[in-house]
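Undergrad: Below are the sequence and a predicted model; questions follow.
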Amino acid sequence: MTDAASNSNKQNLFCTGICSILNIFQAVGHSILSFFLSIGTLSFFIGKATKHCFLPPFYPRLLFKQFIDIGYYSLPVVGMTALFTGMVLALQSYTGFTRFNAESAIAGVVVLSITRELAPVLAGLMVAGRVGAAIAAEIGTMRVTEQIDALVTLSVNPFKYLIAPRVIAGTIMLPLLVLVGDIVGVFGGYIVSIYDLGFSSGSYINQTWDVLERMDVISGLIKAAVFGFLVSMMGCYHGFNSGRGAQGVGTATTYAVVSASILILVFNFILTQVFFS
Amino acid sequence: MSNTPKIKLTDVKKSFGQKVVLDGVSLEVNAGESLVIIGGSGTGKSVTLKSILGLITPDSGEVYVDGDDVLSMNANERQTMMKKFGMLFQGAALFDSMKVWENVAFGLIQAQKMDRGQAHDIAIEKIRQVGLNPQVGDLFPAELSGGMQKRVGLARAIATSPEIIFFDEPTTGLDPIMADVINDLIVECVKDIGATALSITHDMASARKIADHVSMIYEGKIIWTGPVGELDSSGNPYVEQFIHGRADGPITKHANFVA
């Protein structure tokens, strides 16, 4: 009797052991599958959205509105970011470079750091927070309140009507913002160098021009276009696939900002590799 | 009138993950007829509507509109087909970034390429037709009450004079009087433009008022269909329980959770 009982106990234990191992496999498999599934859906979404950016009908009124929303209204944020970054750059490089008597390199450090890296990346991150979140929240709310379904029943393709204008505006406006950021950032460094660190205005400007090459600015602008595409695309994707209710929209907004920010940093590395190595 | 049904569904199935929502839905709506699908929450009413519109793709089965196979259509054909449709959404689904009249005129401007002035006049006419003051046209949807939003939703649905109109729970969330007003408007508008109507609701007063035929959906299947006059003598225990709103009967509380 007892033998039989302990035997069945052993069998039970064996069973639970197998089952828990299977559960682990199942969990791992499930998360891997859902990872590939979401990569697939995202790629499909990006492909479809990009296609509709180039196919008529176009909505010029909506596109213009997005130019204003994404571009014009981001000017203060991007301008302030660039200004203070340029100022801090000048201060910090002064601290370092005086130790090597290399103060004359400050102008070059400021202009290169701003145009190549800081203006595109910081502008991208600021716009991800400002614009990416707004896009995701707006489109997510439209999804939740069935406004996107209503568009479809009114014979309007939401990809053309909602997504294409935002993606086009994001891709075009961010380089323009970064161009402004470049100028403002260099100006910030100039102000600190002239009024705080006692440089002469003429030589600072000369040093800036001497160091700067066309490719420095262009590479930054190309980065900006990619970042603008990523930010608006992530906002649209997460908003479009938003879950139900206020919580769904909140989650979509968070994902939009986080994924856009991470992608900006990753693509910044990749693009820098491509341009300068 | 031809014999082709305006809308025909054959054995439509749809699951979300493990959850079977439609388990072989078949139904037909003839031209000019008003069919109301009744059923409890979570029994697949909305999914049925959305399958016809192509907002949801069924796992299997066939959907025909005017004899055309909806599921084999490409995006352009489907968009053209959509021009036959109007839909009143449960929450009205008005575009909150646009004024009321722009909402009503949306289909005219975007799909029919009408100029804004002309579309504005038609929109104001439709706003008047659903019993609202034309001045409402210049407000934004957020400034309207729920009942007024529903009316605007109805005006938008009928603005393009569609051949087929869907009503998704038209009276949910409205007080009984406003619900009756909406029901009257639906009957009036549908008759006015001679449209085919397909509605889903669990409001029996509404169903009796707007239906020619009634179908009951339960656990993803149509379990009864008949003229509205036979609703009370259906002999079907599920229908009996539903129309009288009894807690006990063949439809258990449990069923609502699994379905």
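TA: Nice, thanks for sending it over.

Undergrad: so where's the stretch 151-259 of chain B shaky on pLDDT?
TA: In the predicted model of the stretch 151-259 of chain B, residues B:253-259 satisfy pLDDT under 70.

Undergrad: Could you name the helices and strands sitting against the longest helix along chain B?
TA: Longest helix of chain B, by residue count under DSSP state H: helix B:176-193. Counting contacts by 3 or more CB pairs under 8 Å, 6 or more residues apart in numbering or on different chains; DSSP states H and E, helix B:176-193 is packed against helix B:146-159, strand B:164-168, strand B:196-201, helix B:204-210. The C-beta positions use only the backbone N, C-alpha and C, and glycine is treated the same way.

Undergrad: Let me have those in JSON lines, extended by mean neighbour count.
TA: Listed next are the helices and strands packed on helix B:176-193 as JSON lines, based on neighbours: other CB atoms under 10 Å in any protein chain shown:
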{"stretch": "helix B:146-159", "mean neighbour count": "25"}
{"stretch": "strand B:164-168", "mean neighbour count": "24"}
{"stretch": "strand B:196-201", "mean neighbour count": "25"}
{"stretch": "helix B:204-210", "mean neighbour count": "19"}
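
Undergrad: Between the ones you listed, which one is closest to residue B:110.
TA: Comparing the helices and strands packed on helix B:176-193 against residue B:110 with CB to CB, the closest turns out to be helix B:146-159 (11.3 Å).

Undergrad: and the gap between residue A:207 and residue B:23?
TA: Taking CB to CB, to the nearest Å as the measure, residue A:207 falls 76 Å from residue B:23.

Undergrad: and if you look at residue B:133?
TA: Distance, residue B:133 to residue B:23, using CB to CB: 47 Å.

Undergrad: Would you mind listing what in the stretch 151-277 of chain A touches chain B?
TA: For the stretch 151-277 of chain A, the residues in contact with chain B (CB under 8 Å from any CB of the partner chain) are A:152-157, A:161.

Undergrad: Contact residues of chain B facing chain A?
TA: Counting by CB under 8 Å from any CB, the residues of chain B close to chain A are B:50, B:53-55, B:75, B:79-80, B:82-83, B:85-87, B:89-91, B:93-96, B:106-107, B:110-111, B:156, B:160, B:166.

Undergrad: Could you tell me which of those residues are located in strands?
TA: Assignment to strands by DSSP state E places the following of those there: B:85-87, B:166.

Undergrad: follow-up on the earlier one: quick one: which of residue A:207 and residue B:23 has more around it?
TA: residue A:207 (20 against 17; other CB atoms under 10 Å in any protein chain shown).

Undergrad: So which residues lie in contact with the host helix or strand of that one, not counting its own?
TA: Residue A:207 is part of helix A:201-211, with elements assigned from DSSP states H and E. Residues external to helix A:201-211 that are found in contact with it (CB atoms under 8 Å, 6 or more residues apart in numbering or on different chains): A:104, A:106-108, A:110-112, A:186, A:190, A:193-194.

Undergrad: Filter the residues you listed down to the ones in helices?
TA: Within those, membership in helices is found for A:106-108, A:110-112, A:186, A:190, as judged by DSSP H.

Undergrad: and of those residues, the nearest to residue B:175?
TA: Top of the list for closeness to residue B:175, among the ones in helices among the contacts of helix A:201-211 and by CB to CB, is residue A:186 at 63.9 Å.

Undergrad: For residue B:97, grab the count of nearby residues.
TA: A count of nearby residues for residue B:97, using other CB under 10 Å, gives 13.

Undergrad: ok, now residue A:37?
TA: A count of nearby residues for residue A:37, using other CB under 10 Å, gives 10.

Undergrad: how much space is there between the nearest residue to residue B:193 once chain neighbours are set aside and chain A?
TA: Distances taken as CB to CB, 6 or more residues apart in numbering or on different chains place residue B:161 nearest to residue B:193, at 4.9 Å, with adjacent residues excluded. When CB to the nearest CB, to the nearest Å is applied, the distance between residue B:161 and chain A equals 13 Å.

Undergrad: related to what we said a few turns ago, can you flag the buried ones in the residues of chain B next to chain A?
TA: In these, burial by neighbour count holds for B:50, B:53-55, B:79, B:82-83, B:85-87, B:89-91, B:93-95, B:106-107, B:110-111, B:156, B:160, B:166, counting by 16 or more other CB atoms under 10 Å in any protein chain shown.

Undergrad: Tell me which entries of the residues you listed lie within helices.
TA: Under the assignment DSSP H, these contribute B:50, B:53, B:79, B:82, B:106-107, B:110, B:156 to helices.

Undergrad: right, and the pair among those with maximum separation?
TA: Greatest spatial distance among those (CB to CB): B:50 and B:110, at 20.8 Å.

Undergrad: related to what we said a few turns ago, tell me which residues of the longest helix of chain B are tucked away?
TA: B:178-179, B:181-183, B:185-186, B:189-190.

Undergrad: Next, the angle from that helix to helix B:146-159.
TA: Calculated by axes from the mean of the first three to the mean of the last three CA atoms, to 10 degrees, helix B:176-193 forms an angle of 10 degrees with helix B:146-159.

Undergrad: Name the residues that touch helix B:176-193?
TA: Surrounding helix B:176-193, the residues in contact under the criterion CB under 8 Å, 6+ apart are B:34, B:88, B:129-131, B:147, B:150-151, B:154, B:158, B:161-162, B:165, B:167, B:170-171, B:174, B:195, B:197, B:199, B:203, B:205-206, B:209-210.

Undergrad: can we see that at 7 Å?
TA: Contacts made with helix B:176-193 from outside it, assessed by CB atoms under 7 Å, 6 or more residues apart in numbering or on different chains, are listed as B:34, B:130-131, B:147, B:150, B:154, B:158, B:161, B:165, B:167, B:170-171, B:174, B:197, B:203, B:206, B:209-210.
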